[in-house]
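> Okay, sequence plus prediction incoming.
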Amino acid sequence: RRDMADRLNHIAGQEAIKVGEPEMFLLAKGADGSMRDALGLLDQVLAYGGGQVRQEDLLAIIGVVDRPQILSMIQAIQKKDASRAVGQVRELVDQGHDLRQFCHELVETVRDLLMFKIAKQPETLVECPSEEIEELKTLSQGFSTEELQWLFNIFAQTYEEIKSFFYPPFLLEMAVVRAARID
């Protein structure tokens with residue numbers, strides 16, 4: 001993603017389009033490795049935003065949850081605040097977010113936190129905007145390696161099960177409660 005974000009930044013610069021680093025990473029993530037899709041998303045968000053690339057427009061087009069919501073969920077779990085975590089699931093449902101996509105984002109974030117725990121140079125393994133590096137580093141310090149592995153398993157399993165569950169919000173609520181109660 002970093003390479004794709006850098007290429008998109010170069011192209012945007014040539015076209016005199018101002019795009020921040022977080023938006024470049026979102027474009028790369030939304031394109032899932034396809035430069036053509038990334039350029040299509042860039043065109044789409046420019047049309048949607050009247051020639052501007054705004055993060056909220058990009059989030060709406062791609063359909064992912066914004067990073068503060070992901071990190072807030074991880075913080076609630078870290079503080080063992082199951083009530084707050086369940087409340088956040090309710091907010092996601094009320095906002096119409098895809099809960100399976102949210103699980104995907106949680107799995108990816110937990111994986112990144114684990115890299116900060118175990119790797120000598122985690123920045124080479126974690127692809128995120130530079131402004132998030134310190135935040136993730138700090139957040140990872142509040143978990144043990146084992147806790148992060150458990151969280152990864154909980155959310156990866158929930159990701160798989162959510163597509164066939166009769167009411168996905170219940171499944172995600174139970175997952176975040178389980179995650180917040182890990183000892």
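Right, received. Where do you want to start?
> can we go C-alpha only for contacts and neighbour counts from here?
Fine.
> Please list the outside residues in contact with stretch 143-161.
In this structure, residues lying in contact with stretch 143-161 by C-alpha atoms under 8 Å, 6 or more residues apart in numbering are 78, 100, 103-104, 106-107, 110-111, 113-114, 117-118, 171-172, 175, 178-179, 182-183.
> Mind doing that once more with 6 Å?
Residues from elsewhere that reach stretch 143-161, judged by C-alpha atoms under 6 Å, 6 or more residues apart in numbering: 100, 103, 107, 110.
> can you put those residues in a markdown table and add pLDDT?
Formatted as a markdown table, the contacts of stretch 143-161 follow (pLDDT from 0 to 100):
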| residue | pLDDT |
| --- | --- |
| Arg100 | 93 |
| Cys103 | 95 |
| Val107 | 96 |
| Val110 | 97 |
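> Which of those are buried, as a ChimeraX select command?
Buried residues within the contacts of stretch 143-161, by 16 or more other C-alpha atoms under 10 Å, are selected in ChimeraX with:
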select :100,103,107,110
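> Output the contacts of stretch 143-161 as JSON lines; include the columns secondary structure.
Output for these, formatted as JSON lines (DSSP: H, G, I helix; E, B strand; the rest coil):
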{"residue": "Arg100", "secondary structure": "helix"}
{"residue": "Cys103", "secondary structure": "helix"}
{"residue": "Val107", "secondary structure": "helix"}
{"residue": "Val110", "secondary structure": "helix"}
